[in-house]
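K.L.:
give me the fold of what follows.
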Amino acid sequence: MKTTQAKVKKKTALIVVNFGGPRSLDEIPSFLKSLLCDKDVVRTALPTPIHNYLFSKIAKKRSKKVSADYQHIGGKSPIYEDTEAVAFQLKHYTNCPIYTFHRYLPVTHPRFIRSLLLADVEEWKIFPMFPQFCYATSGSIARWFSEKLPSHITRNMHWLKSYPHQKPYIDLFTNRIRAYMQEKKIPEKDWLLFFSAHGVPKKFIEEGDPYQRECELSYNEIIKNFPQSQTLLAYQSKFGPGEWIKPYTIDVCEKIKEVTDKKNALFVPLAFTSDHIETLFEIETEYMPVIQKQGLNTFRLPAFNDKKDWVETISILLKEPHSQVPNQMLVRHK
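P.N.:
Now for the predicted structure:
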C-alpha cells in the first residue's frame with residue numbers, strides 16, 4: 001500500500017514592529033539619537049562615523065525643545081504601550097508566540113535579540129504598524145534585522161510588506177470616521193475630511209520609494225465611502241532642509257477658507273496607527289488652532305491605538321493570502 005507523509009507545519013512566530021516612542025522624558029535623547037543617526041531616515045553622503053557624530057549633537061540639542069512638546073502630551077509617547085497592548089491582545093487570535101520590536105528604543109534591543117535567539121521557531125512573520133511602506137520605516141527595520149540578527153533567523157523572516165488598500169484596513173478607517181460623524185451628530189455632507197500623513201523628503205520618492213503612492217491609494221479607497229464630504233490629503237512633520245512631498249499640511253491649514261466652504265473639519269491621521277507627538281501635539285496645537293481661527297469647527301479623529309477593532313483587523317490581515325516578502329527585499333540599496 002502506498003503511504004503519504006503528512007506535511008509538518010513549521011513552528012511560526014509573529015513579530016509586531018513599530019517606531020518606538022520615548023517612554024519618559026529621560027528617553028528622549030537616546031530616542032532622537034537613534035532616529036537621526038539612522039541613514040534610512042536622514043540620508044547624507046557623509047561617512048557613517050561623521051554622520052553619527054554630527055547628528056548625535058543635533059539630537060542632544062533638539063531634545064531640549066522636544067521635551068517641552070512631550071511634556072504637553074503627558075511626558076511620553078503612547079506608541080510603546082499601544083504596541084505592547086496590541087501584541088498582547090493578538091494572542092487571543094493567533095496560535096503562535098508574539099514578539100515586539102521598537103526600532104528607536106535601543107535599550108529594548110538586547111532583550112529582543114536574546115528572545116529570538118532562544119526561541120524554538122522556524123519561520124518569522126513580520127507585521128508592520130505602518131500601513132504604507134516606506135524605506136524609512138519598515139525598510140529601516142528590515143535593515144536593522146539584516147545587520148543585527150544572525151542569517152539563520154533573517155532568511156526565515158517574511159513580511160506583510162504593507163496593506164494600504166486591503167479591505168479590512170479600509171473598512172476599519174471607514175467605520176471609525178462614520179462613527180465619529182454620528183457621535184458629533186453632524187451629517188456627512190457638512191464635513192471636510194482632512195487626511196494628514198507623515199511627510200518624507202521628495203528625493204525619497206524620486207529614488208523609488210512607494211510611500212506617497214500608497215498613501216494616495218489608501219486615501220482614494222477611503223473617500224469612496226464618503227461621497228458627500230469634501231476631502232483632501234496633505235503631508236506633515238517636515239524637518240530639516242530640502243523639499244518634502246506636498247502639499248504641506250500647515251500650508252493647507254493657513255489657506256483653508258480658499259479650499260472649502262464647509263464649517264466642520266476633521267483631521268484624519270492617515271499613516272498613523274497610534275497617536276503620538278505628531279497627532280497629540282503637532283495636529284492639536286500647531287494645525288487645528290490655525291483652522292479654528294478661520295471660523296471652522298475643528299476635530300481630530302483618534303488613531304487606532306490599542307482598540308479591539310484594530311487588533312481584530314490585524315488578525316484578519318494576517319490570515320489573508322498576501323504574498324510574503326523576504327526581509328532582504330525590503331532593504332534599500334544605498
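K.L.:
any low-confidence regions in the protein?
P.N.:
Within the chain, the stretches with pLDDT under 70 are 1-9, 322-323.
K.L.:
ranges for the helices of it?
P.N.:
For the chain, helices defined by DSSP state H occupy the ranges 28-36, 48-72, 79-90, 109-118, 138-148, 151-154, 167-184, 202-206, 211-223, 249-254, 256-259, 288-292, 308-319.
K.L.:
relative to Ala13, which of those is closest?
P.N.:
Each of these has some distance to Ala13 by CB to CB; the shortest is helix 109-118, at 8.4 Å. In this view, the C-beta of every residue, glycine as well, is placed from N, C-alpha and C.
K.L.:
contacts for the closest one?
P.N.:
Contacts made with helix 109-118 from outside it, assessed by CB atoms under 8 Å, 6 or more residues apart in numbering, are listed as Tyr99, Thr100, Phe101, Trp124, Lys148, Leu149, Pro150, Ile153.
K.L.:
can you lay out the helices of the chain as a markdown table showing mean neighbour count and distance to Asn327?
P.N.:
What follows is those, written out as a markdown table (neighbours: other CB atoms under 10 Å; distance: least, CB to CB, whole Å):
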| stretch | mean neighbour count | distance to Asn327 |
| --- | --- | --- |
| helix 28-36 | 21 | 20 |
| helix 48-72 | 14 | 21 |
| helix 79-90 | 20 | 19 |
| helix 109-118 | 13 | 13 |
| helix 138-148 | 20 | 5 |
| helix 151-154 | 14 | 5 |
| helix 167-184 | 17 | 22 |
| helix 202-206 | 15 | 20 |
| helix 211-223 | 20 | 19 |
| helix 249-254 | 20 | 33 |
| helix 256-259 | 14 | 42 |
| helix 288-292 | 17 | 39 |
| helix 308-319 | 17 | 17 |
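K.L.:
centre-most residue in this structure?
P.N.:
Phe130 (3.7 Å; CA atoms, centre = their mean).
K.L.:
and Ile283, how far from Cys134?
P.N.:
For Ile283, the distance to Cys134 equals 20 Å [CB to CB, to the nearest Å].
K.L.:
oh, that last question was meant for Tyr93, not what I typed.
P.N.:
The spacing between Tyr93 and Cys134, counted by CB to CB, is 27 Å.
K.L.:
tell me who's in contact with Pro247.
P.N.:
Taking CB under 8 Å, 6+ apart as the contact definition, Pro247 lies against Ala234, Tyr235.
K.L.:
more neighbours, Tyr93 and Cys134?
P.N.:
Ranked by neighbour count (other CB atoms under 10 Å), Tyr93 and Cys134 place Cys134 first, with 25 against 14.
K.L.:
many thanks, I have nothing further to ask.
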